[in-house]
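Trainee: Got a predicted structure plus its sequence, pasted below:
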Amino acid sequence: MHVTRIAEAPAYQAPGHSQMTMLRLQGKEAGPADTMWLALSTIQPGGGITLSSSGAEKFYVVVEGEVEISNGTETHLLRLHDSCRIAPDEPRQIRNTGSHPARLLLAMALT
């Protein structure tokens, strides 16, 4: 068993992410993992992720606020407890178009 206390979760940065605070909850520098890692992102109003892709499958769950998510062809507004899967190599763009911070839980495959 490996426990990460939120107060001890390591912060990290990623290219194309703006006005965001990202905390690694499990995996990578937060502890051992075999297949995936878990993070919590807080996105300020106007912040988000530019359209980009990676070879890893991603799952997002909105745990506070709402965000707009797009794969470049379709766009959806996700609200509290809505979720979205992004396939490997599928582009994704995320924006907080609201006036309050939004929080996303991210589960992502290790690559």
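Mentor: Received, thanks.
Trainee: so what's G27 up against?
Mentor: Listed by Cβ atoms under 8 Å, 6 or more residues apart in numbering, the contact partners of G27 are 33, 36-38, 110. Every C-beta, even on glycine, is put in place using the N, C-alpha and C of the backbone.
Trainee: which residues in this structure form helices?
Mentor: Counting by DSSP state H, the chain has no helices at all.
Trainee: Mind naming the longest strand for it?
Mentor: Scanning the chain for the longest strand, with DSSP state E as the assignment, gives strand 36-52.
Trainee: G27 versus the closest residue to G65 other than its chain neighbours, what's the distance?
Mentor: Once flanking residues are discounted, G65 sits nearest to A102: 3.1 Å by Cβ to Cβ, 6 or more residues apart in numbering. Distance of A102 to G27, computed by Cβ to Cβ, to the nearest Å: 22 Å.
Trainee: rewinding a little: buried residues in the longest strand of the chain?
Mentor: Neighbour counts over strand 36-52 (16 or more other Cβ atoms under 10 Å) mark 36-43, 47-49 as buried.
Trainee: Note down every partner strand of it and its orientation.
Mentor: Counting by DSSP bridges, the strands paired with strand 36-52 are strand 17-26 (antiparallel), strand 92-95 (antiparallel), strand 102-109 (antiparallel).
Trainee: who's the closest residue to L78 other than its chain neighbours bridged to?
Mentor: Spatial nearest neighbour of L78, excluding adjacent residues (Cβ to Cβ, 6+ apart): V62 at 4.9 Å. Counting by DSSP bridges, V62 forms beta bridges with L104.
Trainee: what sits against V62?
Mentor: 78-83, 102-104.
Trainee: ok, those residues vs S18, which is closest?
Mentor: Of all those, S18 sits closest to A102, with 13.5 Å by Cβ to Cβ.
Trainee: what's the distance between the closest one and A14?
Mentor: Applying Cβ to Cβ to A102 and A14 gives a distance of 17 Å.
Trainee: next one: E29
Mentor: 13 Å.
Trainee: tell me, what's touching those two both at once?
Mentor: Joint contacts of E29 and A14 (Cβ under 8 Å, 6+ apart) do not exist.
Trainee: ok, so what distance separates A107 from E66?
Mentor: A107 is 19 Å from E66, by Cβ to Cβ.
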